[in-house]
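pasting the sequence and the predicted model now:
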Amino acid sequence: MTEPALGRRAARGAAITIGAQAARILIQVVSVVALARLLTPHDYGLVAMVVAVIGIGEIFRDFGLSSAAIQAPTLSRGQRDNLFWINSGIGLALAAAVFAGSGLLALVYDRDELVAIGHVLSLTFLLTGLTTQYRAGLVRDLRFVSLARADVAAPAVALVVSIGAALLGWGYWALVAGQLAQALVQLVMLAVAGRWLPGLPKRGEPMRGFVRFGWNLVASQLVGYLGNNLDSVIIGRLFGATSLGIYNRAFQLLMTPLGQIRSPLTTVALPVLSRLSADDRRFGDYVARGQLALGYTLVAGLGIAVSASEPITRLFLGEQWTGVAPILRLLAVAGIFQTLAFVGYWVYVARGLTGDLFRYSLVSAAIKVACIVGGSFFGVVGIAAGYAIAPAISWPISLWWLSSRTTIPTRRLYAGALRILALVMVAAATSSVCAYSAAAWGPVAALGAAALCTVAVYAGAAWLVPPVRRDVARVLEMVRMIRTARPRG
């Protein structure tokens, strides 16, 4: 495929993905705002204790086989059937394990309510196990419209179910019902869109490469997940459900929408980069452009969250959640460095370097564990600070590590990231002053002032600083491609 044609297909995928994610983020914000006023921090804390375990199981349920199917140069019908049954079987086994182990979870946290919650949420493993290869098939075929429909409809239905249940007084069961509804809707919609019924498992199909790729990837994801969720485990164990509920709201308000943007962009990036893997120049150019696109959009938005965490908390959650603000600010700092390092994950997966990814994940997780455990001596805010410091330490290491394993434009990536960091620091400092000055007029005015200051700083830098001007021109070029691309299902 020629570079312009591939660029147009990437732009179409990005256009669809961005539109769908805008809708999902809107749904997420509505969910946070509405349910925060209907449920208590205690309700969120209880469900978060179980969801932390569910997340670990989800990594094993996928087993890296969705990415293996997307990345594979060829995929036969028999291989696809076998992958479906492997994922489904893993999902069934995990559902049984979580159902049986819910009592142990309740014992660890000393919360009897977790037994019933674990029993019900164990069903999500079976549903998502059946869904895995339907999603992978649509991504492999670049059918982003079908994916977008399911990814928007499922959380929308979940939101309606959760709000209805909360209004009926179900408490934390409202959150559980929403989780089940979302998994069920996604399965039905993706299976219908896939127009494919799996056959029986077939012997003789070459599956070793898929399993090896998946095992290395799942090992990396497991290490990363444990590091990413250690903070929640420590807070729930040491400080209780209410403190965990407050921390969880900060996470849901910021990191969940951030993940909802970064993850689907990976859905677009992986098939494109996999096709470019043999061409180092084009591959490196797409990676560098991807970092700039993330840096001048997501990182800029995270800078606003750093400077305006208090008005954001007051506006979206209400006065009862004021403890969220300092945590939100620190999580935004963590998100900035995580976003800068995110393109490295694309490179590892697109070039099949999952073994190297696993080894780097061990280093990254060790840094995160040390920072979070050290921060725990200073309470919940100290844990959030440790969570923020860890990616700031590991981000420069990640690029160095990756450059020793494969060809990437290392100097270009470092230089671009440093410009992004310098600009967001100036913007956040300026916006903090603006938000503080406008605080007397309410949270909307304070947040608006921070956003306007951020736009002014970026516009001024683009006008006065030639390297920033070139970066912005590249990002705008990608935006124009997205705006003119015609979506295809």
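Received, thanks. Residues are numbered from 1 along each chain as shown.

next helix or strand past the strand or helix carrying Ala370?
Using DSSP states H and E, Ala370 sits within helix 354-375. Scanning forward in sequence from helix 354-375 by DSSP H and E, the next helix or strand is helix 379-403.

and that next one, which residues are buried?
Neighbour-count burial for helix 379-403 flags 380, 382-392, 394-395, 398-399, 401-403 (criterion: 16 or more other Cβ atoms under 10 Å). In short, each C-beta sits where N, CA and C put it, glycine included.

and the helix holding Ala370, what does it pack onto?
When contacts are defined as 3 or more Cβ pairs under 8 Å, 6 or more residues apart in numbering; DSSP states H and E, helix 354-375 sits against helix 208-275, helix 324-350, helix 379-403.

let's have these in JSON lines, adding mean pLDDT and distance to Ala428.
JSON lines is the format used below for those (pLDDT from 0 to 100; distance: least, Cβ to Cβ, whole Å):
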{"stretch": "helix 208-275", "mean pLDDT": "72", "distance to Ala428": "14"}
{"stretch": "helix 324-350", "mean pLDDT": "88", "distance to Ala428": "9"}
{"stretch": "helix 379-403", "mean pLDDT": "88", "distance to Ala428": "13"}
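
coming back round to it: got the angle for the helix holding Ala370 vs helix 379-403?
Calculated by axes from the mean of the first three to the mean of the last three Cα atoms, to 10 degrees, helix 354-375 forms an angle of 150 degrees with helix 379-403.

for Glu205, helix, strand, or coil?
coil (DSSP: H, G, I helix; E, B strand; the rest coil).

list phi and psi for it.
phi -80, psi 130 (degrees, to the nearest 10).

just give me the neighbour total for it.
15 (other Cβ atoms under 10 Å).

wouldn't it be in contact with Gln79 here?
Yes - using Cβ atoms under 8 Å, Glu205 is in contact with Gln79, at 5.1 Å.

can I get the helices and strands packed on helix 354-375 in a markdown table with distance to His119?
Below are the helices and strands packed on helix 354-375 laid out as a markdown table (distance: least, Cβ to Cβ, whole Å):
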| stretch | distance to His119 |
| --- | --- |
| helix 208-275 | 19 |
| helix 324-350 | 30 |
| helix 379-403 | 29 |
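
what's the most buried one of these?
Each of the helices and strands packed on helix 354-375 was scored by mean neighbour count; the highest is helix 324-350, a mean of 24, by mean count of other Cβ atoms under 10 Å.

please compute how far that helix lies from its chain's middle.
How far helix 324-350 lies from its chain's middle: 9 Å, per Cα atoms, centre = their mean, to the nearest Å.

what residue is smack in the middle of the chain?
When Cα atoms, centre = their mean is applied to the chain, the residue found nearest the centroid is Gly259 (2.2 Å).

where does pLDDT dip in the stretch 351-489 of the chain?
In the predicted model, the stretch 351-489 of the chain carries pLDDT under 70 at residues 478-489.

let's verify Leu142: helix, strand, or coil?
Under the three-state scheme (three-state DSSP), Leu142 adopts coil.

for Leu75, grab the count of nearby residues.
Leu75 has 17 nearby residues by other Cβ under 10 Å.

next: Arg140.
19.

for Pro201, same thing?
Neighbourhood size, Pro201 [other Cβ under 10 Å]: 15.

ok, back up a step: could I get the buried residue list for the helix holding Ala370?
Neighbour-count burial for helix 354-375 [16+ other Cβ under 10 Å]: 354-361, 364-365, 367-368, 371-372, 375.

mind listing what the residue sitting furthest away from the middle of the chain touches?
Residue farthest from the centre of the chain, counting by Cα atoms, centre = their mean, is Gly204 at 36.4 Å. Neighbour list for Gly204: Gly78 [criterion: Cβ atoms under 8 Å, 6 or more residues apart in numbering].
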